[in-house]
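1. just the structure for this:
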Amino acid sequence: MAQVVAVLNQKGGTTKTTTSTNLAACLAVKHGLRVLLVDLDGKQGSASDWANSRVGEPGDPSLIPAVVMGKQLPRDLPRIADGYDIIIVDGAGQVDELSSAAIKAADAVLIPVQPSQYDIWATSDLVRLVKDRQELTDGKLKAFLMVARAVEGTVMERTARQALEDFELPILEAQTHQRQAYVGGIVEGRSVIDLPPSHPARKEIEALADELLEAIR
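-> Next up is the predicted model:
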């Protein structure tokens, strides 16, 4: 049965789609997994636009199918989940019924948080929803925080993990930084996995994928 990982944060600009698409590419290309990308942000459709922009021959593992879904995600997703190893749900902004639907459908929730106090404060409502769901499922729902789009060498980067500890959820060691590579090539459907193995952005996403897979298995 496919593992469903929802990438959520109610605040805009928190790299949800960047994290979702690059993670999906890494899981498909490097790990050889059959990946489905679910776009919950029907208004923008950024994740599905990215997936549809990728080019390749039929059967190419780097071609990642994407679908746009809505608040009926828990009902509809099982109908199309067969044949996939992992499903990445790119969540919409704001804590609303779409976020609640994603949490209900997920086996794990990944919450990218930028290292600013405003972003950390804004994460509290989502964390509450996640913990409520964990209580209902006797802890079956896994949830992880990650530092995203950090600026290297800043005080906030160094103290972000300490601030996130107050949420009492696991914090992944892997994190991403603010790099031009994450926005370059989006129109062509490229990801950082298309970059040389030594590129810092690719290393960050590979570390994230490795750690996440270990945590959800």
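
2. so which elements touch the longest helix along the chain?
-> With DSSP state H setting the assignment, residue counts place helix 200-216 as the longest helix in the chain. Counting contacts by 3 or more CB pairs under 8 Å, 6 or more residues apart in numbering; DSSP states H and E, helix 200-216 packs against strand 3-7, helix 16-29, strand 108-113, strand 142-147. Glycine gets a C-beta too; all of them are placed from N, C-alpha and C.

3. try 7 Å
-> With contacts taken as 3 or more CB pairs under 7 Å, 6 or more residues apart in numbering; DSSP states H and E, helix 200-216 sits against helix 16-29, strand 142-147.

4. tally of neighbours for Thr137?
-> 12 (other CB atoms under 10 Å).

5. quick one: work out the angle between the worst-scoring helix or strand of the chain on mean pLDDT and strand 108-113.
-> One helix or strand of the chain scores below all others by mean pLDDT, DSSP states H and E: helix 155-164, with a mean of 86. Helix 155-164 and strand 108-113 are oriented at 140 degrees to each other (axes from the mean of the first three to the mean of the last three CA atoms, to 10 degrees).

6. would a markdown table of the helices and strands packed on helix 200-216 with distance to Leu40 be doable?
-> Output for those, formatted as a markdown table (distance: least, CB to CB, whole Å):
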| stretch | distance to Leu40 |
| --- | --- |
| helix 16-29 | 9 |
| strand 142-147 | 17 |
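
7. what's the closest of those to Gly189?
-> Among those, helix 16-29 comes nearest to Gly189, with 8.6 Å by CB to CB.

8. check which helices and strands the closest one is in contact with.
-> strand 3-7, strand 35-39, helix 46-53, strand 86-90, helix 200-216.

9. quick one: the longest one to strand 142-147, angle?
-> It refers to helix 200-216. Using the same axes, to 10 degrees: helix 200-216 against strand 142-147 is 160 degrees.

10. what comes up buried for helix 200-216?
-> Residues of helix 200-216 classed as buried: 201-202, 204-209, 212-213 (neighbour count, 16 or more other CB atoms under 10 Å).
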